[in-house]
Structure formats: structure tokens, C-alpha cells
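Student: Return a 3D structure for these sequence lines:
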Amino acid sequence: MAKKIKQVKVTQIRSTNKSLANHKACVKGLGIRKMHQSRVVDATPENLGMINTASHLLKVEEVK
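Tutor: Here you go, the predicted structure:
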């Protein structure tokens, strides 16, 4: 059987205005384009690294 990949729900809670370019790129890389938009992404090391980089702009919840 295939492993079930954990997922997290990521919501942007703060604006990317006046943020560093790499923080903006991480939010965009997660597929979030505007404030209060949510996206469910796989909890891969790449995505978790982007979430960790821009953690002050995002709210993260585990999806069951």
C-alpha cells in the first residue's frame, strides 16, 4: 500500500507588502495569492521549509 502523505492547511494572515523577496516567493510558491486565502498542501520537506521561512505571514493547521 502507498503511504498516506500528511497534509497541512496554510492561510495567509499578514500582507506580503514590505516583506523580503524570498518570503514573498515562498508564499507564492505555496499557491497563495491574496490575504485570507487558504491552500491545502502536502507536508513535504520542501513545503515545510517554505512555510517555516514565511511563518510570520501564515497560519498553519494540520488536516486530518
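Student: contacts, neighbours, all on C-alpha from now
Tutor: OK.
Student: Going along the chain, name the helices of this protein.
Tutor: Here the chain has its helices, by DSSP state H, at 21-29, 45-53.
Student: I'd like to know which of those lies nearest to residue 9.
Tutor: Residue 9 sits nearest to helix 45-53 of all these, at 10.7 Å, using C-alpha to C-alpha.
Student: now what about stretch 38-57, what contacts it?
Tutor: For stretch 38-57, contacts defined as C-alpha atoms under 8 Å, 6 or more residues apart in numbering pick out 5-16, 23-24, 26-27, 29-32, 58, 63.
Student: Next: stretch 11-20.
Tutor: Taking C-alpha under 8 Å, 6+ apart as the rule, stretch 11-20 contacts 23-24, 32, 34-39, 56-60.
Student: May I ask which of those residues has the most neighbours?
Tutor: For these, the largest neighbour count, defined by other C-alpha atoms under 10 Å, is 21 neighbours, found at residue 58.
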